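A.B. asks: Quick one, what's the 3D model for this:
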Amino acid sequence: MPRGSETEALLLALRTCFSDVPLARARLVLQVFSETWGEFVDAPLDLALQGKLKLRAVPAPQKISLERGSTMFFCCDMQERFRPAVKHFADITAVAQRLLRGAAVLGIPVVATEQYPKGLGSTVEELYLVSAQMVLPKTQFSMLLPEVLTLLQNSPNISSIVLFGVETHVCIQQTTLDLLSCGYAVYIVADASSSRSDTDRHLALQRLAQAGAVVTTSESVLLQVVGGKDHPDFKEIQQLIRELLPTPGLPPGHTPGSNTTGIQ
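C.D. replies: Predicted coordinates:
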């Protein structure tokens with residue numbers, strides 16, 4: 001790099017060097033090695049390269065929040081052929097429908113995938129995907145297809161992903177780990193995600209919580225987005241969550257609250 005190069009140019013150079021790995025798409029913070037402290041510290045905002053320095057880029061701290069302008073919903077592989085095989089499929093479909101209707105009300109972008117639809121069928125007809133930005137076929141487990149990565153790159157305002165679907169221990173798990181490595185805050189909707197085995201499902205949720213994902217519920221997600229009764233869409237969201245949906249096979253620590261009808 002030439003002398004005088006500033007922070008943004010240095011970050012761009014680091015991204016270019018590692019453009020083939022997911023981390024290059026994360027929100028990065030530039031750090032410089034401090035001889036005084038003997039460790040890397042955040043580079044000053046007015047950094048300008050004047051000589052040899054040890055530099056690195058690390059993911060920026062995640063902003064753990066859900067807001068309309070910074071959130072995207074991912075619906076993973078809710079397909080016909082999984083209906084008889086996946087535990088609690090009818091229940092998680094009902095919850096997923098609530099989430100998608102909520103996304104439509106709130107103007108939250110939705111991405112959906114279908115695992116090998118030629119053999120496993122399309123997304124179940126109960127789900128409202130009319131407003132989805134894209135519905136993509138895939139054969140890999142992760143939802144981070146090239147088209148999805150491009151969409152995320154072109155949506156710098158997006159910092160949080162709400163993820164739900166099947167199977168929890170396969171495609172949900174791999175998508176979560178990939179998103180975390182890219183610097184996104186990930187919310188897994190436990191009451192809208194399942195597997196063929198409850199054991200696989202519960203252990204995957206535990207692992208992903210330990211990895212840094214937020215394991216939550218559909219009602220919690222929608223209410224966190226609106227933030228309070230003064231939100232312009234609160235009444236419509238209130239109507240969506242007024243009906244208590246099933247808690248499909250979840251342990252007590254993962255069940256939704258029972259105070260829905262008490263919200264004013």
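
A.B. asks: quick one: the helices in the stretch 101-250 of the chain?
C.D. replies: For the stretch 101-250 of the chain, applying DSSP state H, counting those that start in this stretch gives helices covering 117-120, 146-153, 173-181, 198-211, 218-226, 234-242.

A.B. asks: Could you work out which of those helices reaches nearest to T71?
C.D. replies: Closest to T71 of these, according to Cβ to Cβ: helix 218-226, at 6.5 Å. Placement of C-beta: from N, CA and C, glycine included.

A.B. asks: Can you list the helices and strands that that closest one packs against?
C.D. replies: For helix 218-226, the elements it packs on are helix 89-106, strand 185-194, helix 234-242, judged by 3 or more Cβ pairs under 8 Å, 6 or more residues apart in numbering; DSSP states H and E.

A.B. asks: and the ones you listed as a markdown table, adding distance to N154, mean neighbour count and mean pLDDT?
C.D. replies: Formatted as a markdown table, those follow (distance: least, Cβ to Cβ, whole Å; neighbours: other Cβ atoms under 10 Å; pLDDT from 0 to 100):
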| stretch | distance to N154 | mean neighbour count | mean pLDDT |
| --- | --- | --- | --- |
| helix 89-106 | 19 | 21 | 96 |
| strand 185-194 | 19 | 27 | 96 |
| helix 234-242 | 28 | 16 | 94 |
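
A.B. asks: any chance of the ones you listed in a markdown table, plus distance to F141?
C.D. replies: Written out in a markdown table, the entries for those read as follows (distance: least, Cβ to Cβ, whole Å):
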| stretch | distance to F141 |
| --- | --- |
| helix 89-106 | 18 |
| strand 185-194 | 14 |
| helix 234-242 | 30 |
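
A.B. asks: ok, back up a step: compare the helices of the stretch 101-250 of the chain and give me the one nearest A94.
C.D. replies: Minimum separation from A94 across the helices of the stretch 101-250 of the chain (Cβ to Cβ) falls at helix 218-226, 9.5 Å.

A.B. asks: coming back round to it: distance to E67 added to the helices of the stretch 101-250 of the chain, as JSON lines?
C.D. replies: What follows is these, written out as JSON lines (distance: least, Cβ to Cβ, whole Å):
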{"stretch": "helix 117-120", "distance to E67": "32"}
{"stretch": "helix 146-153", "distance to E67": "17"}
{"stretch": "helix 173-181", "distance to E67": "17"}
{"stretch": "helix 198-211", "distance to E67": "22"}
{"stretch": "helix 218-226", "distance to E67": "7"}
{"stretch": "helix 234-242", "distance to E67": "14"}
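
A.B. asks: Among these, which comes closest to E167?
C.D. replies: Using Cβ to Cβ as the measure, helix 198-211 is the one of these that comes nearest E167, at 7.3 Å.

A.B. asks: how big is the angle separating the closest one from helix 173-181?
C.D. replies: 0 degrees (axes from the mean of the first three to the mean of the last three Cα atoms, to 10 degrees).
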